[in-house]
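Engineer: fold the following for me, if possible:
(2 chains)
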Amino acid sequence: SQQGEEDPQALSIQEGENATMNCSYKTSINNLQWYRQNSGRGLVHLILIRSNEREKHSGRLRVTLDTSKKSSSLLITASRAADTASYFCAREETSGSRLTFGEGTQLTVNP
Amino acid sequence: NAGVTQTPKFQVLKTGQSMTLQCAQDMNHNSMYWYRQDPGMGLRLIYYSASEGTTDKGEVPNGYNVSRLNKREFSLRLESAAPSQTSVYFCASSPEAEREAFFGQGTRLTVV
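Structural biologist: Here you go, the predicted structure:
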């Protein structure tokens, strides 16, 4: 078990719309991170939010974290065709320094 | 600055063969990780090394062994490959806890 879920599994939107992806988890965490993966490539880090933070911004990205609900969301505003990729959340667990990934959301942004 | 380098990029093995996947990072990072990614799925942690000289099991360690040879290198060994180990393998490193991870470009392994 990957001890977490992401939804939706797939999301298709038009360019200019906003995209929201959600991540839930079960363990205690030090931080939660979001990564992007273009088809056939390695993962690229987008943003990290610590367990004592509630919201973080980076450019068109906005991440929220609710540790009481054990959930996080990633919002991409004003999406572009180039944002088409898979997006993964990853939890750094408090027990050891394991970095554990969810199953990802496949985002398609149509021109 | 190469970052995280994985070799080989592609490999085909016959069932029962052994091989070692190599990973090296040039960023002086303490933590290193091995993941596998199956089609349409997320990454599953095989083994990780929080610091030089230590290794720990992840979610799916069966059938694999690892060696943290030094601070730079973290290798993954398949002693007797099985078709179920067909996957894309990613190595990653991070400086320390509470920091982002940097990924290699992956090794695509097929076991026939």
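Engineer: hey, let's count contacts and neighbours off CA atoms from now on
Structural biologist: OK.
Engineer: count of neighbours near the residue in chain A that chain B sits nearest to?
Structural biologist: Closest approach between chain A and chain B, counting by Cα to the nearest Cα: A:Glu103, at 3.8 Å. Counted with other Cα atoms under 10 Å in any protein chain shown, residues neighbouring A:Glu103 total 23.
Engineer: with A:Pro8 instead?
Structural biologist: That count, for A:Pro8 with other Cα under 10 Å as the rule, works out to 14.
Engineer: isn't it right up against A:Thr105?
Structural biologist: Yes: the criterion here is Cα atoms under 8 Å, and A:Pro8 meets it with A:Thr105 at 6.0 Å.
Engineer: now do the shared contacts for these two.
Structural biologist: A:Met21 (Cα atoms under 8 Å, 6 or more residues apart in numbering or on different chains).
Engineer: which residues of chain A lie near chain B?
Structural biologist: Contacts of chain A with chain B, taken as Cα under 8 Å from any Cα of the partner chain, map to A:1-2, A:30-31, A:33, A:41-45, A:48, A:50, A:88, A:92, A:96-104.
Engineer: which of the residues you listed fall in strands?
Structural biologist: Of those, the ones assigned to strands by DSSP state E are A:30-31, A:33, A:43-45, A:48, A:50, A:88, A:92, A:99-101.
Engineer: chain neighbours aside, what residue packs nearest to the residue of chain A closest to chain B?
Structural biologist: Excluding the flanking residues, the one nearest A:Glu103 by Cα to Cα, 6 or more residues apart in numbering or on different chains is B:Gly42, at 3.8 Å.
Engineer: tell me which residues touch that neighbour, please.
Structural biologist: B:Gly42 neighbours (Cα under 8 Å, 6+ apart): A:Phe88, A:Phe101, A:Gly102, A:Glu103, A:Gly104.
Engineer: again, 6 Å this time
Structural biologist: Residues near B:Gly42 by Cα atoms under 6 Å, 6 or more residues apart in numbering or on different chains: A:Gly102, A:Glu103, A:Gly104.
Engineer: cool, and A:Asn31?
Structural biologist: Neighbours of A:Asn31 in contact, by Cα under 6 Å, 6+ apart: A:Ile49, A:Arg50, A:Ser51, A:Glu92.
Engineer: do the same with A:Ile29
Structural biologist: So A:Ile29 contacts A:Glu92, A:Glu93, A:Thr94 (Cα under 6 Å, 6+ apart).
Engineer: what residues sit buried inside stretch A:7-26?
Structural biologist: Neighbour-count burial for stretch A:7-26 flags A:Asp7, A:Gln9, A:Leu11, A:Ile13, A:Glu15, A:Ala19, A:Thr20, A:Met21, A:Asn22, A:Cys23, A:Ser24, A:Tyr25 (criterion: 16 or more other Cα atoms under 10 Å in any protein chain shown).
Engineer: actually stretch B:76-87, sorry about that
Structural biologist: B:Leu76, B:Arg77, B:Leu78, B:Ala81, B:Ala82, B:Gln85, B:Thr86, B:Ser87.
Engineer: that one and chain A, any residue contact?
Structural biologist: No: figure legend: stretch B:76-87 not in contact with chain A (Cα under 6 Å from any Cα of the partner chain); closest approach 12.0 Å.
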